[in-house]
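S.K.: mind looking at a prediction? Sequence and model below.
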Amino acid sequence: MTASPLDELPSEMKVDDALAFATRLHRIGELDAAETVYRRVLEAVPDHPDALNFLGIARHQRGHTGEAIALMQRSLELQPDATGVWNNLGNILLDRGRFDDAAALYERCVELNPDDPVVHNNLGVLRRSQGRVVEAEAAYRRVLELDPKNIDAHNNLGNLLADIGRIEEAVRHYCESIALMPSNPDARKMLGYAYYMLGRFDEATAFYRAWVAEEPDNPTARHHLAACTGENVPERATDTYVESVFDSFADSFDAKLSALTYRAPQLVAEAVDQVYGKGGQALDILDAGCGTGLCGPLLAPHARSLVGIDLSAPMLSKARERKVYDQLIKAELTAFLEGAAASSHDLVVSADTLCYFGALDAVFAGVHHVLKAEGVLVFTVELLDAAENADCSYRLAPHGRYVHHPQYVVAALEAAGFGEISRTEAALRNEGGKPVPGLLFRARKKAGAAAHGQPRPPSTRSVKS
């Protein structure tokens with residue numbers, strides 16, 4: 001019989017000792033056991049404010065955000081000056097996109113404890129999500145006044161400065177972060193990219209090579225070395241790389257993309273509306289690479305069934321909270337499509353997913369397989385500068401995503417059996433203070449068509465970044 005973490009819990013225990021035991025379980029990820037003990041504490045002391053707070057955190061981590069908010073609000077009624085609870089509730093509301101409500105809670109924290117660096121850091125994240133860059137920078141700098149060795153603040157300030165084009169300043173904060181924590185993967189990735197953006201190509205290459213030498217199996221180091229040098233570029237990002245990026249990104253994904261004026265889901269939804277009108281079509285829809293489900297509410301008016309697929313379990317947990325998907329599946333996209341039932345969907349959409357694929361023939365063939373006759377595919381890709389890369393089908397860019405030549409995408413769609421292909425250029429987000437150019441494609445499965453071969457023009461090779 002498998003041992004349970006609760007086997008260590010005595011039959012009789014003081015409340016404070018039980019709460020300490022539960023928090024230890026919580027820290028090591030034993031959420032089921034931790035919740036059980038928190039609930040036992042609350043059975044003994046129904047208004048224990050700390051147990052209410054910690055149980056709220058656990059419920060949020062399990063995707064039960066409404067219950068979490070109620071538990072934390074009750075904790076604050078009992079302990080109105082508990083800055084930690086105000087901060088935790090603010091974090092949940094930030095995660096939910098309730099920026100104004102989160103701001104009120106963080107500002108209350110600052111009133112109660114103006115020298116708490118954690119709260120100032122979170123307020124900076126919030127202000128950046130709102131696009132209030134000056135206030136975000138001020139908040140991060142306040143953190144560093146209070147705690148000059150705060151790694152989160154150095155990372156966050158570096159990312160903010162990089163996003164608005166102040167890359168030299170960003171480099172200083174990434175270097176400081178790495179000096180404080182040499183294994184910091186986020187700062188390492190961004191420092192190499194910053195060197196590249198500054199034209200310091202030799203430094204970028206040397207930096208990534210040293211990282212790979214130190215950690216030869218690190219998917220982030222290997223992926224970005226390939227992006228920087230053009231050597232050993234895979235046809236798509238590896239599963240381990242994608243999971244490493246998005247598993248750690250899930251909690252802050254929506255807030256961070258809001259700060260980047262992220263438009264891909266809206267563009268996809270508008271294209272769907274152009275095909276089907278404003279809804280009521282009762283379509284079977286596949287959201288390919290659904291992430292946290294940003295497309296879900298926009299697609300729901302068209303859906304008889306809505307299925308989301310993604311490689312990141314934490315991202316799928318966030319999508320589940322939206323309560324618009326009939327099914328959410330963790331799988332690699334191409335493998336899922338190849339194994340799915342033929343002719344099972346009227347519409348497949350993919351917002352900002354195919355930028356993690358270089359070669360598109362396999363994924364398009366898979367989409368063709370699952371679409372019903374005359375079914376529709378709507379997706380975005382990032383745009384390769386055709387003037388500078390006329391003979392290149394796709395390239396793994398220094399930021400770690402693939403960019404595609406429009407002619408290659410069209411050829412790949414045609415080879416897979418699609419027609420009625422239309423494309424529109426559009427900015428997908430802002431990065432480094434500049435819009436990221438992209439393409440919105442719409443295509444229809446030809447009646448009676450079967451996929452045939454791989455696209456040829458232009459060449460399918462990758463070139464050095």
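M.R.: That came through, no problem.
S.K.: below-threshold pLDDT in the stretch 1-150 of the chain: ranges please.
M.R.: 1-12 (pLDDT under 70).
S.K.: OK, contacts around the residue nearest to Ala416 when sequence neighbours are not counted?
M.R.: Of all residues not flanking Ala416 in the chain, Phe364 sits nearest, at 3.7 Å (Cβ to Cβ, 6 or more residues apart in numbering). To be clear about C-beta, it is placed using only N, CA and C from the backbone, and glycine gets the same treatment. Taking Cβ atoms under 8 Å, 6 or more residues apart in numbering as the criterion, Phe364 is in contact with Leu377, Ala412, Leu413, Ala415, Ala416, Phe418, Ala451.
S.K.: so the second one sits in a strand?
M.R.: Right, the one you point to is Ala412. No - using DSSP: H, G, I helix; E, B strand; the rest coil, the assignment for Ala412 is helix, not a strand.
S.K.: got the phi and psi for the residue nearest to Ala416?
M.R.: phi -70, psi -40 (degrees, to the nearest 10).
S.K.: ok, the one 10 residues further on next?
M.R.: With angles defined as degrees, to the nearest 10, Glu374 sits at phi 60, psi 20.
S.K.: and for the one 5 residues further on?
M.R.: Phi and psi for Phe379, reported as degrees, to the nearest 10, are phi -160, psi 170.
S.K.: need the helices for the stretch 101-250 of the chain, in chain order.
M.R.: 117-129, 133-146, 151-163, 167-180, 185-197, 201-214, 219-229, 239-247 (DSSP state H, counting those that start in this stretch).
S.K.: who's in contact with the shortest one?
M.R.: With Cβ under 8 Å, 6+ apart as the contact definition, helix 239-247 has outside contacts at 185, 219-220, 222-223, 253, 291, 310-315, 332, 356, 400.
S.K.: next, the buried residues of it.
M.R.: Tyr241, Val242, Glu243, Ser244, Val245, Phe246 (16 or more other Cβ atoms under 10 Å).
S.K.: quick one, it and helix 219-229 angle?
M.R.: Per axes from the mean of the first three to the mean of the last three Cα atoms, to 10 degrees, the angle that helix 239-247 makes with helix 219-229 is 100 degrees.
S.K.: could you give the mean pLDDT of helix 239-247?
M.R.: Averaged over helix 239-247, pLDDT sits at 92.
S.K.: one step back: so which of the contacts of helix 239-247 is the most crowded?
M.R.: Highest neighbour count within the contacts of helix 239-247: Asp310, with 29 neighbours (other Cβ atoms under 10 Å).
S.K.: got the contact list for it?
M.R.: Listed by Cβ under 8 Å, 6+ apart, the contact partners of Asp310 are Phe246, Gly289, Cys290, Gly291, Leu316, Ala319, Leu328, Ile329, Lys330.
S.K.: among the residues you listed, which ones are buried?
M.R.: Buried by 16+ other Cβ under 10 Å: Phe246, Gly289, Cys290, Gly291, Leu316, Ala319, Leu328, out of these.
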